[in-house]
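J.: have a look at this fold, sequence not included:
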């Protein structure tokens, strides 16, 4: 766990046309600190801010600009973090999933850096002779040659080190890993005293979990804690050794802890037991508090002069928003359902406006905004923009160049990707399975299929139906038994109101996966759109028997009942839905509409008032309430 330290040696290298310098003894003026917090969610952060439990993040927000950070489909971390690092979508950078087929053996391997076909900001800064440090960012192994230092994403999973040649690839410079080894914690180094802050377990229970297992919440949590601590230590080591102009640090802990413990957080969730809620109910919030503590240590190191950027790739459903159609254990089909499209963004420090709430921000904007901070032009082939709203009025407009890539770099990248091979990584693959990010099938065909599906989902999100359909048809030809292909084709046809083709696609999906809930719900919508409401109603009743805890099914049943002139049965369905989730906006609104249809005006007024209690900006609710109140004697 803690191999021997030997002195690092640094050489002047010019292998990529950039000068790679030795350690720097002087801190740069106005450095930029980027802190990535995977899965960080405003709806969890804001109450903790109000309680004063996140003092470091609170200080940054008060002195800077903040916003929800819009992401894109598919909500998968390697894809989105690579977009954040490049300013480009997966159709350009080609990181498409957590895994990829080894180009030589075909074996599934975790995604690697040479698969990326666009320059990341650390490549651009190296070209511009700007010192950079990167820690644990997705898809950075093998560590690339930069002007500064990279500690790759494999650093946080130790069992992947199969050979000395792989050890050399964990960091750049290769020998930098030896500066880290004696500072690193293993999961077994996380004490009961530390663990009990996050988990409500006895010392005896703690001591009984002696064998590491990603499926064991206690040992897995200790791994999360150790990894977060190790990332912070690596970042501080880079800072004190190199003093880079840009230090980018990625933390996975919030997302991993949310996947493991959000089902046990308040309020009570059907897939959690009373005992698990007692043990793990506070874990997620405590991890956020710990993340803020680590942020504080980084801020202290870089100093008040630093510009600081905080970002998450997506949010995380919580409270009454948690998906009830997801299974109690995470699997490949449901893990990403817990992700929310909006993450967090904060930009703070000298030259940034204070107390600004940005109107919009996107994961595509991270690299363009970073380049602007550094006085560098933006690539015209980048899809993002500079977040000028965060800067003082009168700031100069960004300059641009056609691209930071050239044919020589692209050719070199292709050669690297075509010839790269590595042994399989059982520990990291098991970790991804435990979080539901990859399925049980990990042969090369399955891995390639998931990548193509990711690209199709991205094209659908982008509104490029032609390319999406092309990818899906090719995917269907390659893997005719892969249910996601006809399902997504059905979505395209449904959006185009091609009801007959959409029906065929959804029925094909259900032939392959008879209990596929989204396919059932969308097929019901297609049937309704063809004036076949009774058929749609029967399908949803059957679906309700399969998924008794999913209130959305009851909402759709109620909608059909009301359209069929049966409002009393609609109200009965909505009352059952309220028992499952009494705070759902669609349920409360549909219930108010149904009470109106039943001419129960006083009850409808009370129902609309309840909608506005939770969602005061709901204009439709205001209009209905005002209309009903005017009619009262």
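T.: In hand now; what should we look at? All of these numbers come straight from a predicted model, not from anything done at the bench.
J.: use CA for all of it now, contacts and neighbours both
T.: Will do.
J.: hang on, residue 213 in a helix?
T.: No. With DSSP: H, G, I helix; E, B strand; the rest coil as the criterion, residue 213 is coil rather than part of a helix.
J.: number the residues from 12 up from this point.
T.: Sounds good: first residue 12 from here, last item residue 224.
J.: how about the contacts made by it?
T.: Each residue near residue 224 by CA atoms under 8 Å, 6 or more residues apart in numbering is listed here: 230-231.
J.: what separates it from residue 199, distance-wise?
T.: For residue 224, the distance to residue 199 (CA to CA, to the nearest Å) stands at 12 Å.
J.: how about residue 41?
T.: For residue 41 relative to residue 199 (CA to CA), the value is 39 Å.
J.: more neighbours, those two?
T.: residue 41 (20 against 13; other CA atoms under 10 Å).
J.: check contacts around the more buried one.
T.: 256, 316-318, 361.
J.: list only those of those flagged as buried.
T.: Taking 16 or more other CA atoms under 10 Å as the criterion, what is buried in the contacts of residue 41 is 256, 317-318.
J.: just checking, which of those residues belong to strands?
T.: Counted as lying in strands by DSSP state E, out of the buried ones among the contacts of residue 41, are residue 318.
J.: could the buried ones among the contacts of residue 41 go into JSON lines alongside pLDDT?
T.: Below are those laid out as JSON lines (pLDDT from 0 to 100):
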{"residue": "256", "pLDDT": "98"}
{"residue": "317", "pLDDT": "98"}
{"residue": "318", "pLDDT": "98"}
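J.: could I get the buried ones among the contacts of residue 41 as a markdown table with distance to residue 213?
T.: Shown next, in a markdown table, are those (distance: CA to CA, whole Å):
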| residue | distance to residue 213 |
| --- | --- |
| 256 | 45 |
| 317 | 42 |
| 318 | 43 |
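J.: relative to residue 327, which of the buried ones among the contacts of residue 41 is nearest.
T.: residue 318 (26.5 Å; CA to CA).
J.: quick one, strands of the stretch 412-561 of the chain?
T.: Counting by DSSP state E, counting those that start in this stretch, one finds no strands in the stretch 412-561 of the chain.
J.: quick one: the helices in it, in order.
T.: In the stretch 412-561 of the chain, the segments counted as helices under DSSP state H, counting those that start in this stretch are 418-430, 437-445, 455-473, 476-489, 495-506, 510-523, 528-540, 544-557.
J.: out of those helices, which gets nearest to residue 141?
T.: Closest to residue 141 of these, according to CA to CA: helix 418-430, at 18.7 Å.
J.: distance check, residue 188 against residue 181.
T.: To residue 181, residue 188 is 7 Å away according to CA to CA.
J.: sorry, slip of the keys, the one I care about is residue 198.
T.: Residue 198 sits 19 Å away from residue 181 when distances are taken as CA to CA.
J.: those two: which has the busier surroundings?
T.: residue 181 (27 against 17).
J.: check contacts around the more buried one.
T.: 152-154, 162-166, 188.
J.: those residues into CSV, with extra columns for distance to residue 489 and secondary structure?
T.: As requested, these are arranged in CSV below (distance: CA to CA, whole Å; DSSP: H, G, I helix; E, B strand; the rest coil):
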residue, distance to residue 489, secondary structure
152, 30, coil
153, 31, coil
154, 34, coil
162, 37, strand
163, 34, coil
164, 32, helix
165, 32, helix
166, 35, helix
188, 42, helix
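J.: ok, so of these, who is nearest residue 633?
T.: residue 164 (49.8 Å).
J.: okay, now the residue nearest to the closest one when sequence neighbours are not counted: neighbour count?
T.: Spatially, and ignoring its direct neighbours in sequence, residue 164 is nearest to residue 147 (3.8 Å; CA to CA, 6 or more residues apart in numbering). Per other CA under 10 Å, the neighbour tally for residue 147 reads 27.
J.: now do residue 147, the pLDDT please.
T.: At residue 147, the model reports a pLDDT of 97.
J.: contact partners for it?
T.: Contacts of residue 147 by CA under 8 Å, 6+ apart are 162-167, 242, 260-262.
J.: cutoff 6 Å now
T.: By CA atoms under 6 Å, 6 or more residues apart in numbering, the residues touching residue 147 are 162-164, 261.
J.: specify which member of those is nearest to residue 488.
T.: For the contacts of residue 147, the residue nearest residue 488 by CA to CA is residue 164; the value is 34.6 Å.
J.: tell me which of the contacts of residue 181 is nearest to residue 83?
T.: Set against residue 83, the nearest of those by CA to CA is residue 164 (22.2 Å).
J.: pLDDT wise, what is that closest one at?
T.: So residue 164 comes in at 93 (pLDDT).
J.: count the residues that sit near it.
T.: Other residues lying near residue 164 total 24 when counted by other CA under 10 Å.
J.: how about it, what does it touch?
T.: Applying CA under 6 Å, 6+ apart to residue 164 gives the contacts 147-149, 151.
J.: and residue 388, by the same measure?
T.: 410-411.
J.: check residue 328 too.
T.: Residue 328 makes contact with 349, 351, according to CA under 6 Å, 6+ apart.
J.: the one 5 residues further on now?
T.: By CA under 6 Å, 6+ apart, the contact set of residue 333 is empty.
J.: what of residue 59?
T.: If you count contacts by CA under 6 Å, 6+ apart, residue 59 has none.
J.: would it count as being in a helix?
T.: Yes. Judged by three-state DSSP, residue 59 forms part of a helix.
J.: what is the nearest of the contacts of residue 181 to residue 266?
T.: Residue 266 lies nearest to residue 164 out of the contacts of residue 181, by CA to CA, at 15.1 Å.
J.: how near is that closest one to residue 152?
T.: Taken as CA to CA, the span from residue 164 to residue 152 is 6 Å.
J.: next, name the residue at the spatial heart of the chain.
T.: Geometric centre of the chain, nearest residue: residue 325, 3.9 Å, by CA atoms, centre = their mean.
J.: was I right about it contacting residue 48?
T.: No. Shown here, residue 325 and residue 48 do not form a contact pair, counting by CA atoms under 6 Å, at 9.4 Å.
J.: so for the residue nearest to the centre of the chain, what's the pLDDT?
T.: Value listed for residue 325 in the pLDDT field: 98.
J.: please name the nearest non-neighbouring residue to it.
T.: Once flanking residues are discounted, residue 325 sits nearest to residue 354: 4.0 Å by CA to CA, 6+ apart.
J.: for that neighbour, the count of nearby residues, please.
T.: Count around residue 354 with other CA under 10 Å applied: 27.
J.: residues touching it, list them.
T.: 52, 79-80, 323-326.
J.: can you classify it by secondary structure?
T.: Using three-state DSSP, the structure places residue 354 in strand.
J.: got it, and residue 282?
T.: Residue 282 is classified as coil under three-state DSSP.
J.: from residue 336, how far out is it?
T.: 10 Å.
J.: which neighbours do these two share?
T.: By CA under 6 Å, 6+ apart, no residue touches both residue 282 and residue 336.
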